[in-house]
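*Asks:* one predicted model, sequence on top.
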Amino acid sequence: MSCAFSVSDPHPARLPEREDKRTFLQKLAEFIHPGPDSTDELIETLAEAEENHIIGAESRAMLEGVIRMADMTAGDVMVPATRMDLVNIDEPFDVLLYGVIDTAHSRFPVYQNERENIIGVLLAKDLLKLQRAPELNIRALLRPAVFVPESKGLNDLLREFQSNRNHQAIVIDEFGRVAGLITIEDVLEQIVGEIEDEFDIAEDEGDIYGLADRSYRVSGDTIIERVEAAFDVKLSSTDPEDEFDTIGGLIAHEMGHVPKRGERHAMAGLNFVVLHTKGGAVKWFKVSPVTDAAS
């Protein structure tokens, strides 16, 4: 009996020793390599985790986006008021409809008299209701507009978008003027990068093709010679010494900055509208003759 006790007696004493040893190693590791004390250090830690194959490159990029977004506001990512596509409720229906089709957005802020006077939001799909009930007034189709200040944090805005199911907001500056527009897509792109919507075209569907409204979708990486042949035009840089291979590179150079969705540029009798960008390059343009766009 005593022999059995003497054999088993040392084991209970060893358990605390092992626990203490693990705790000591943990403390030692924290002392040698303390946790990040700032956002920059946390991002560096994520980079190290990727290098050590703990997380993948896409996961690291998304986590970095979440971290950086915590310090961003609506004013940082909004589409400026000068580039907002608005609908004038007093325009003839045909003109209004052409604008909706031409810009290819799913929802539009609507104003009356002046652009600062936003009276609601029009969903493009709601225009289909007029086919069944022509007696309806456009005003009856409007949905309430949501207004947020420029200083609104993106984290808070994303929660509001999710809770109230409004995926678009008008951004107001400190003086109460319309500063821009922000959508849930703009916020999410800070985490996951550019998001292709229902109007974006798969990369394997060709580089130039016609649309129902007699305009064309043109891939940004289409070689310039192919665009020239398709539209029977001559495209060249304003600086004869500059040479470009793709239409996206040429347009970006002529605009003098990285193009953003919704921006327009006219060249050689053609109107180029940026439909989608990714990684700082234009993926798709909408192209139509300048005379048609003006009319």
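*Replies:* Right, received. Where do you want to start?
*Asks:* mind jotting down where the helices sit in the stretch 151-295 of the chain?
*Replies:* 154-164, 184-192, 224-231, 247-255, 290-294 (DSSP state H, counting those that start in this stretch).
*Asks:* for Ala230, see how far away the closest residue to Tyr216 other than its chain neighbours is.
*Replies:* What sits nearest to Tyr216 in space, not counting adjacent residues and going by CB to CB, 6 or more residues apart in numbering, is Val287, at 4.7 Å. C-beta coordinates here come from the backbone N, C-alpha and C atoms, glycine included. Per CB to CB, to the nearest Å, Val287 is found 9 Å from Ala230.
*Asks:* what touches both of these two?
*Replies:* Tyr216 (CB atoms under 8 Å, 6 or more residues apart in numbering).
*Asks:* quick one, helices of the stretch 1-150 of the chain?
*Replies:* In the stretch 1-150 of the chain, the helices defined using DSSP H, counting those that start in this stretch lie at 2-8, 10-32, 39-51, 57-69, 74-77, 93-103, 129-132, 138-141.
*Asks:* other SSEs contacting the last one?
*Replies:* Right, helix 138-141. strand 114-123 (3 or more CB pairs under 8 Å, 6 or more residues apart in numbering; DSSP states H and E).
*Asks:* can you give me the buried ones in the strand it packs on?
*Replies:* For strand 114-123, a neighbour-count test (16 or more other CB atoms under 10 Å) marks Ile118, Gly120, Val121, Leu122, Leu123 as buried.
*Asks:* what's around the residue nearest to Tyr216, how many residues?
*Replies:* Neighbours of Val287 under the rule other CB atoms under 10 Å: 22.
*Asks:* I'd assumed Ser219 was in contact with it.
*Replies:* No - the pair Val287 and Ser219 does not pass the contact test of CB atoms under 8 Å, sitting 10.7 Å apart.
*Asks:* quickly list the domain ranges of this protein.
*Replies:* Annotated domains of the chain cover 2-69, 74-192, 203-294 [automatic domain parsing].
*Asks:* rewinding a little: nearest to Thr73 among the buried residues of strand 114-123?
*Replies:* Ile118 (20.0 Å; CB to CB).
*Asks:* that closest one touches Asn88, doesn't it?
*Replies:* No - taking CB under 8 Å as the definition, Ile118 is not a contact partner of Asn88, at 11.3 Å.
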